[in-house]
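Student: dropping a prediction and its sequence here:
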Amino acid sequence: MKDEIDINNTGLKKNPFKVPDGYFEEFRETLSNKIAEKRAPAGVGFFTILRPQLALFSLFAAIFIIGYGVFSLFPGKSNELEVIGITANSQLLDEGFLKPTFVDFYDFEDDTLYKQSADIGDDELLTYISEHIDIVTLASLD
Amino acid sequence: MEDKDLLTLFREEGRENYAFNLIVEKYSERLYWHIRKLTASHEDTNDILQNTFIKAWNALPQFREESRLYTWLYRIATNESLTFIKRAKLKAMLSLSDYSRQIENQLEADCYFDGDKTQTLLRRAIMKLPEKQRAVFNLRYYEEMKYEDISEILDTSVGALKASYHHAFQKVQEYLKESV
């Protein structure tokens, strides 16, 4: 008959583990050093840590503002560029590199016909269509 | 020194380090054995114990004394141990190895294990328990801790703990019967 192990035997509750000699004394020292390493120096706040990043950000912001200001103060530069472009085109036309077309000479702003079309009313338009365009053509339109 | 006095000392300006050293002196050994019985390895226990006290150091200024200092420390140690075991299990699973077999081999190869054959069988039986049940068993069986205190540590009701311990006890007894 096998001997059963009595789990309630107090001998069984004895600690079967051991530690290296001087472990607990060394542990306190090791822990103390580790905690000292992890502690941040006194007086170091959130903004102190962020200061270099904030400085860099401020620098870039200043450069951007100055650059934007310079371009805003001298708006004429874009007109000058247009004039330069037009002059260059005229030069190329004179030299025969560009073939002039009707569009090059047409001044849309002074066009009276264009202006007149803008003044045509709906009634006028309907009258014109009914007089000049036959019904077959109208029906074929989408 | 009583826990209450230690906490009062800790809150005095310039005395935190001294008070904390006293806390470590008072509880390091107890917590070490508690963790060791969960993990079964001296090296792992050492790491977990250090993490436990580092967490305690960081959290102690905010400690509101809703629980006692000793159950609070045990709670941190238990949580750290359970987290460690879960991670070890996952690591073993990812490397397609058997975690339980690893633990058994570790126990046999452990030069800091001084138990006889019966104690070896008992440790093997305990290591087969699920981690939380193992914690309940260790605290009740080895440390003879009151269920009310275990309830504070594991945040589980006394009734559930009694049931858990009863099942764990039966499992261990069954294992020992079959192994003899």
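Tutor: Nice, thanks for sending it over. As the structure is a computational prediction, the values presented were derived from the model and not from experiment.
Student: confidence-wise, which helix or strand of chain A is lowest on average?
Tutor: When the helices and strands of chain A are scored by mean pLDDT, DSSP states H and E, helix A:112-118 comes last with a mean of 54.
Student: tell me the mean pLDDT over the helix or strand following that helix?
Tutor: Later in the chain than helix A:112-118, the nearest helix or strand by DSSP states H and E is helix A:122-132. When pLDDT is averaged along helix A:122-132, the result is 78.
Student: what does chain B have sitting close to chain A?
Tutor: Residues of chain B found near chain A (CB under 8 Å from any CB of the partner chain) are B:17, B:20-21, B:24-25, B:28-29, B:32-33, B:36-37, B:42, B:46, B:49-50, B:53-54, B:57, B:112-116, B:118-123, B:141-142, B:169, B:172-173, B:176-177, B:180. Every C-beta, even on glycine, is put in place using the N, C-alpha and C of the backbone.
Student: out of those residues, which end up buried?
Tutor: Neighbour counting by 16 or more other CB atoms under 10 Å in any protein chain shown classes B:20, B:24, B:28, B:32-33, B:36-37, B:42, B:46, B:49-50, B:53-54, B:57, B:112-113, B:115, B:118-123, B:141-142, B:169, B:172-173, B:176 among the residues of chain B next to chain A as buried.
Student: low-confidence stretches in chain A?
Tutor: Counting by pLDDT under 70, the low-confidence segments of chain A come to A:1-3, A:39-49, A:75-119, A:135-136, A:138-139, A:141-142.
Student: grab the longest helix from it for me.
Tutor: Among the segments of chain A that qualify as a helix by DSSP state H, the longest is helix A:46-73.
Student: which one is residue B:127 nearest to, not counting chain neighbours?
Tutor: residue B:103 (5.0 Å; CB to CB, 6 or more residues apart in numbering or on different chains).
Student: SS state for that neighbour?
Tutor: The three-state label given to residue B:103 by DSSP: H, G, I helix; E, B strand; the rest coil is helix.
Student: burial count for it?
Tutor: Neighbour count for residue B:103, taken as other CB atoms under 10 Å in any protein chain shown: 21.
Student: now it: how far from chain A?
Tutor: Applying CB to the nearest CB, to the nearest Å, the value for residue B:103 to chain A is 14 Å.
Student: that residue reaches residue B:40, doesn't it?
Tutor: Yes. Residue B:103 is within contact range of residue B:40, at 6.0 Å (criterion: CB atoms under 8 Å).
Student: the residue in chain A that chain B sits nearest to: how many residues sit nearby?
Tutor: Among the residues of chain A, residue A:16 lies closest to chain B, at 2.9 Å counting by CB to the nearest CB. Using other CB under 10 Å, residue A:16 has 20 other residues around it.
Student: how about the closest residue to it other than its chain neighbours, what does it touch?
Tutor: Nearest non-adjacent residue to residue A:16, counting by CB to CB, 6+ apart: residue B:115, 2.9 Å away. Residue B:115 is in contact with A:16-17, B:122-123, counting by CB atoms under 8 Å, 6 or more residues apart in numbering or on different chains.
Student: just the residues you listed: which are in helices?
Tutor: The helices, defined by DSSP H, take in B:122-123 from the contacts of residue B:115.
Student: residue B:73: neighbour count?
Tutor: Counted by other CB under 10 Å, the residues lying close to residue B:73 total 26.
Student: before we move on, what about residue B:44?
Tutor: With neighbours defined by other CB under 10 Å, the count for residue B:44 comes to 18.
Student: how close does it get to chain A?
Tutor: Look at residue B:44 and chain A: by CB to the nearest CB, they are 13 Å apart.
Student: pull up the per-residue confidence for the closest residue to that residue other than its chain neighbours.
Tutor: Nearest non-adjacent residue to residue B:44, counting by CB to CB, 6+ apart: residue B:84, 6.5 Å away. On the pLDDT scale, residue B:84 is placed at 93.
Student: ok so, going back, the residue nearest to residue A:16 belongs to a strand?
Tutor: No. Looking at residue B:115 with three-state DSSP, it is coil, so not inside a strand.
Student: how about it, phi and psi?
Tutor: Dihedral pair for residue B:115: phi -80, psi 160, per degrees, to the nearest 10.
Student: just the CA trace of the helix or strand encompassing residue B:174, in PDB.
Tutor: Element membership of residue B:174, judged by DSSP H and E, is helix B:158-179. C-alpha atoms of helix B:158-179 as PDB (Å, rounded to 0.1, in the frame of the first residue of the first chain):
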ATOM      1  CA  VAL B 158     -14.100  36.000   0.300                       C
ATOM      2  CA  GLY B 159     -16.600  33.400  -0.900                       C
ATOM      3  CA  ALA B 160     -14.900  33.100  -4.300                       C
ATOM      4  CA  LEU B 161     -11.500  32.800  -2.600                       C
ATOM      5  CA  LYS B 162     -12.800  30.000  -0.300                       C
ATOM      6  CA  ALA B 163     -14.100  28.100  -3.400                       C
ATOM      7  CA  SER B 164     -10.900  28.700  -5.300                       C
ATOM      8  CA  TYR B 165      -8.700  27.500  -2.400                       C
ATOM      9  CA  HIS B 166     -10.900  24.400  -1.900                       C
ATOM     10  CA  HIS B 167     -10.600  23.400  -5.600                       C
ATOM     11  CA  ALA B 168      -6.800  24.100  -5.600                       C
ATOM     12  CA  PHE B 169      -6.400  22.000  -2.500                       C
ATOM     13  CA  GLN B 170      -8.300  19.100  -4.200                       C
ATOM     14  CA  LYS B 171      -6.200  19.400  -7.400                       C
ATOM     15  CA  VAL B 172      -2.900  19.300  -5.500                       C
ATOM     16  CA  GLN B 173      -4.100  16.400  -3.400                       C
ATOM     17  CA  GLU B 174      -5.100  14.500  -6.500                       C
ATOM     18  CA  TYR B 175      -1.800  15.100  -8.200                       C
ATOM     19  CA  LEU B 176       0.200  14.000  -5.100                       C
ATOM     20  CA  LYS B 177      -2.000  10.800  -4.900                       C
ATOM     21  CA  GLU B 178      -1.300   9.900  -8.500                       C
ATOM     22  CA  SER B 179       2.400  10.700  -8.300                       C
END
